[in-house]
Every structure is written in structure tokens, then in C-alpha cells.
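In: sequence below, structure please.
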Amino acid sequence: MIQLNQIKSDAPQSLRKDQIVKRTEELAKIISDLQHILYAQQKHSLLVILQGMDASGKDGTTQEVFGKCTPGAVKVYGFKKPTEEEMGHDFLWRVHKHAPEKGYIQVFNRSHYEDILIQRVHGWIDMDRVEKRMAAINAFEELLTFDNNTTVLKFYLHISEARQLEKLQERIDDP
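Out: Residues are numbered from 1 along each chain as shown. Predicted coordinates:
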């Protein structure tokens, strides 16, 4: 099994930043055009899940990729520590209410996967609970796909530990 820290997090040497910026702008325009069609048809929806360590670029990615879309048709929700009310329900309760309605794009900045990752890292749940939650997530995403015509796209934004520390220090130096 490949460990995440063994995967390079740098852009390929053959790409220059100006090329990446230009291509991102072109693709953002295409996404905006497609978002208008999605909204007009009201038949499908899109759920984009962004996972990544702190400072990996989830907010920036959302802004750059969906910044040209109609603001009212793209919703962004960032999952934080569950509230007391949320803890009183099953772990997907707080997620389901943010699933996209037909015609909309919903971006999850972090997601229902946090309720496995964080709790497992801290030892608050065992592997049996992890497996059951993964099965529940798979069933939830299948429900969205087949019952609501939602396309689910998942992205993990990888960042090296050194780059993460650099970006976190920038936040401290210039809040």
C-alpha cells in the first residue's frame, strides 16, 4: 500500500504557474456555462467534496473553480466540529440537509468523511464503527446519485508537510 507522504505534492515540472492559471480560468468559464444549463434544466445536481489538510487550498480551489458561476446556484458548506444538536443524531444527519437540490452545485469544504477520519485518529471509534460508517457513506452517496440525479465528485488536495507549515506560518504572520 502506498502511503500518502510518499506521493509527490508538487506540480509537474513541465507545467508553469502561468499555464496553470490560464487553463484554470478557461475551465472555470466552461464550468460556469455548464452551471447555467444545470440550473435551467432543474434535473440534476452536483456535489463536490473537497478534503485536505489545513492550508491545502480548499477555499482557494472553490473560489477559483466556481468563482465565475452564478453565486445563488453554487452553495458552499464547511463542516466544522459537530454541534451538540448534531451529536444527538446519526453522523450523516447534518450532512444530508446540505445535499444539493436539483439545479444546484453544492461544495463541501471537508465533509462526512471527517466523522470517520477525526474520530478514528483520536481513537473515539473502533474499526467496526469505521467500516459501518463507510458503508453508510457509500449508501448515502448512492442514494444521492440514483434518487436525486446528483453527480458526486471527490477530491483530496494533497500538500507536503513543509508547504503546509509554510502556509500556516503565512497565516500567523499576516492574519
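In: figure out the helix or strand that residue 163 lives in.
Out: Element membership for residue 163, per DSSP states H and E: helix 161-173.
In: what are the buried residues along that helix?
Out: For helix 161-173, a neighbour-count test (16 or more other C-beta atoms under 10 Å) marks 163, 164 as buried. C-beta coordinates here come from the backbone N, C-alpha and C atoms, glycine included.
In: quick one: mean pLDDT for it?
Out: Average pLDDT, helix 161-173: 84.
In: same thing with stretch 93-106?
Out: On average, stretch 93-106 scores 96.
In: gap between the two ends of that stretch?
Out: Using C-alpha to C-alpha, to the nearest Å, the gap from the first to the last residue of stretch 93-106 comes to 16 Å.
In: just checking the distance from it to the centre of its chain.
Out: Remark: stretch 93-106 is offset 13 Å from the chain centroid, using C-alpha atoms, centre = their mean, to the nearest Å.
In: quick one: contacts of it?
Out: Identification of contacts with stretch 93-106 by C-beta atoms under 8 Å, 6 or more residues apart in numbering yields 35, 38-48, 66, 69, 73-77, 79, 82-83, 86, 108, 111-112, 140, 144, 148-150.
In: which ones among these map onto helices?
Out: 35, 38, 39, 40, 41, 66, 86, 140, 144, 148 (DSSP state H).
In: identify the bridge partners of residue 78.
Out: With DSSP bridges applied, residue 78 shows beta-bridge pairing to residue 109.
In: so who does it touch?
Out: 108, 109, 110.
In: follow-up on the earlier one: closest to residue 168 among the ones in helices among the contacts of stretch 93-106?
Out: residue 66 (24.6 Å; C-beta to C-beta).
In: in space, what's closest to the closest one - neighbours in sequence excluded?
Out: Closest residue in space to residue 66, ignoring its immediate chain neighbours: residue 74 at 4.9 Å, by C-beta to C-beta, 6 or more residues apart in numbering.
In: ok, residue 154 next?
Out: residue 49 is the one closest to residue 154 (C-beta to C-beta, 6+ apart), at 4.4 Å.
In: surely that neighbour and residue 150 touch.
Out: No. Residue 49 is not in contact with residue 150 according to C-beta atoms under 8 Å; the separation is 11.5 Å.
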